[in-house]
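Undergrad: Here is a sequence together with a model predicted from it:
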Amino acid sequence: MKNKSLKLSLNKAFSIIKKPITTEKSTNLQQFNQYSFVVSKNSTSFEIKNAVEMIFKVKVNKVNTSILRGKGKTFKGQYGFRKDTKRAIVTLVEGNTIDSSLEIK
């Protein structure tokens with residue numbers, strides 16, 4: 001694959017990883033060394049892996065992604081849809097952890 005040798009800049013890495021997900025379910029995943037992030041819609045698993053490794057200085061084992069479709073909502077009588085979001089669950093290599101106090105800009 002051509003992308004294997006691709007290097008990310010730090011700005012590109014921060015644009016791929018938007019924010020961590022801090023729900024009860026994602027907090028429970030941390031005991032299995034898995035962390036959840038909202039990521040950009042057009043990013044690939046390989047780019048997400050490189051971005052997490054660059055930002056948090058950890059070794060990533062696996063990346064699972066899912067696209068959540070926007071729900072239909074009514075606002076002031078107008079019907080519309082929320083935006084679609086892409087989430088990534090990142091599994092780290094044994095012995096690596098991400099400090100939960102770190103903030104992503």
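TA: Sure, I can see it.
Undergrad: mind listing the strands for the protein?
TA: 17-20, 34-39, 60-68, 72-75, 78-81, 85-92 (DSSP state E).
Undergrad: by contact count, what packs against the fourth one?
TA: Which is strand 72-75. strand 78-81 (3 or more CB pairs under 8 Å, 6 or more residues apart in numbering; DSSP states H and E). To be clear about C-beta, it is placed using only N, CA and C from the backbone, and glycine gets the same treatment.
Undergrad: report the longest helix in this structure, please.
TA: helix 45-56 (DSSP state H).
Undergrad: buried set for that helix?
TA: Judged by neighbour count using 16 or more other CB atoms under 10 Å, the buried positions of helix 45-56 are 47, 48, 49, 50, 51, 52, 53, 54, 55, 56.
Undergrad: nearest to residue 89, of these?
TA: residue 48 (10.0 Å; CB to CB).
Undergrad: Reformat the buried residues of helix 45-56 into a markdown table and put distance to residue 16 and pLDDT next to each item.
TA: Output for those, formatted as a markdown table (distance: CB to CB, whole Å; pLDDT from 0 to 100):
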| residue | distance to residue 16 | pLDDT |
| --- | --- | --- |
| 47 | 6 | 94 |
| 48 | 6 | 95 |
| 49 | 10 | 94 |
| 50 | 8 | 94 |
| 51 | 4 | 94 |
| 52 | 9 | 93 |
| 53 | 12 | 92 |
| 54 | 10 | 92 |
| 55 | 9 | 91 |
| 56 | 13 | 91 |
